[in-house]
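>>> This is a predicted model, with the sequence first.
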Amino acid sequence: MKKEYYIGLDVHKRQTTYTVKDWDGVTVASGKTATVFSDINNEIGKYMQDGIVAVEACTNYYHLYRSMKDNNINVKVANVIQLRKVIGKNDRVDSARLADMLRLKTMPESFIPSVEIQGLRNLISLYHNMIEENVRVQNKILSYLDMNGIRIPVKTSFSKNWFLHFDEYLKKNGDITLKYMIESFKDHLSRINKLKLEMNCYIQKNFKQEYELLKSVPGIGDIISAYLVAEICPIERFENNKKLRRYAGVVPIREQSDKKIYATYLPKHASRRLLRYALVLSANCAIKSENRLKAYYQKKKKGSVHGKAIMCVSSSICDIVYKVLKTKQAYGLSCST
């Protein structure tokens, strides 16, 4: 009879600590090795083939997870947020504890994206970082203009008309610093546009149906749709729309003690930052047109502030997104706000 082993991996950037336990909880192997699959396999490969491996969903877990799956190793990924609730916020999750949680079947598991979803997430993350960098460059240019008392007689900065006036200014004044700042900005913008084309090709190849369905929702265009596909799909991992809203952080969570509410907050976990960003952005876009979402926003804004009203609209869009993806029908055919 084969003996089953439970292996916990405490994964860090360069080094991984491992603990191997048997059914009775006895440690049969432990140590440290490089965070490279081949090195880990050399150390404890014989146990991994007959056991279950647990890793925490940290920054650099994914390449190990994929390597193990490719080698037919039974690997599970611990959900970091749920783990903190089980063991305490400040307690360390070490390899021995992961092995024990596997053995006792108490380890909360995390959703693991497919290779295609992870590929889209990587593209979206890169695009988002480039957009943020683009905003920083714009602010530096505007700051330089203010510092030097330069006025471009066009209301909308960085518009086509603004650049025409700007080029005229450079011809007359020959500001070398400003010239190179603008050239850098244009080069960066060109790279962003190329990346957008790559993203569109990728999503059309792998997620065309979901992508097109989401674009039927008010406030959701090409880019926001791509964000949502990357962060939500497959929709089947969410039991209902309430679970998706809570996951996205667009509804307040109230904690109670003795029937008293003592805390209200919106979760802002880093892994869901882009999802919440996309939903809030779509809400701000949706209320610019005449539709039910705009009417809902105006109703919620009475006696409140813009931010709270927008979060209400974001929550409604989240519900619509869930139904559109679940029913595989465009907004208007099966959904209402």
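Structure's in. What do you need?

>>> C-alpha only now, for contacts and for neighbours.
Will do.

>>> Need the three-state assignment for Val251.
The three-state label given to Val251 by DSSP: H, G, I helix; E, B strand; the rest coil is coil.

>>> Against Lys300, how distant is it?
14 Å (Cα to Cα, to the nearest Å).

>>> and what of Asn72?
On the measure of Cα to Cα, Asn72 and Lys300 end up 52 Å apart.

>>> Of those two, which one has the most company?
Per other Cα atoms under 10 Å, whichever of Asn72 and Lys300 has more neighbours is Lys300, with 18 against 11.

>>> so who does His306 touch?
Residues near His306 by Cα atoms under 8 Å, 6 or more residues apart in numbering: none.

>>> I misspoke; the intended subject was Thr33.
Counted by Cα under 8 Å, 6+ apart, Thr33 has contacts 15-17, 39-40, 43.

>>> Next, format those residues as JSON lines and append secondary structure and neighbour count.
Formatted as JSON lines, these follow (DSSP: H, G, I helix; E, B strand; the rest coil; neighbours: other Cα atoms under 10 Å):
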{"residue": "Gln15", "secondary structure": "strand", "neighbour count": "13"}
{"residue": "Thr16", "secondary structure": "strand", "neighbour count": "19"}
{"residue": "Thr17", "secondary structure": "strand", "neighbour count": "19"}
{"residue": "Asp39", "secondary structure": "helix", "neighbour count": "14"}
{"residue": "Ile40", "secondary structure": "helix", "neighbour count": "19"}
{"residue": "Glu43", "secondary structure": "helix", "neighbour count": "17"}
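
>>> so which of those residues would you say is closest to Lys3?
Lys3 has its nearest neighbour among the contacts of Thr33 in Glu43, at 18.0 Å by Cα to Cα.

>>> so how far is Tyr62 from the closest one?
Glu43 is 20 Å from Tyr62, by Cα to Cα.

>>> Domains in this structure, by residue range?
5-103, 115-206, 235-327 (automatic domain parsing).

>>> does Ala29 sit in a helix, a strand or a coil?
Per three-state DSSP, Ala29 ends up strand.

>>> ignore the last one, Met101
When the rule is three-state DSSP, Met101 gets the label helix.

>>> so how far is Val77 from it?
Met101 is 12 Å from Val77, by Cα to Cα.

>>> Quick check on those two: which one has the bigger neighbour count.
Val77 (21 against 18).

>>> OK, contacts around that one?
54-57, 109-112.

>>> try Ser110
57, 77-80.

>>> The same query, at a cut-off of 10 Å, please.
Ser110 sits next to 56-57, 76-83 when contact means Cα atoms under 10 Å, 6 or more residues apart in numbering.

>>> burial count for the spatially closest residue to it that is not a sequence neighbour?
Nearest residue to Ser110, sequence neighbours excluded (Cα to Cα, 6 or more residues apart in numbering): Asn79, at 4.3 Å. Neighbour count for Asn79, taken as other Cα under 10 Å: 18.

>>> isn't Asn79 right up against Thr106?
No: counting by Cα atoms under 10 Å, Asn79 stays clear of Thr106, with 11.5 Å between them.

>>> and of the contacts of Thr33, the nearest to Val321?
Thr16 (39.5 Å).

>>> Taking the contacts of Ser110 together, which two end up most distant?
Lys76 and Ile81 (15.3 Å).

>>> ok, back up a step: now, which of the contacts of Val77 lie within strands?
54-56 (DSSP state E).

>>> which one of these is nearest Glu133?
Of the ones in strands among the contacts of Val77, the one sitting nearest to Glu133 (Cα to Cα) turns out to be Glu56, at 30.4 Å.

>>> Let me know the pLDDT of the closest residue to that closest one other than its chain neighbours.
Leaving aside its chain neighbours, Glu56 sits nearest to Ala78 (4.7 Å; criterion: Cα to Cα, 6+ apart). In this model, Ala78 is scored at 91, pLDDT.

>>> ditto for the one 10 residues further on
Gly88 is assigned 58 on the pLDDT scale.
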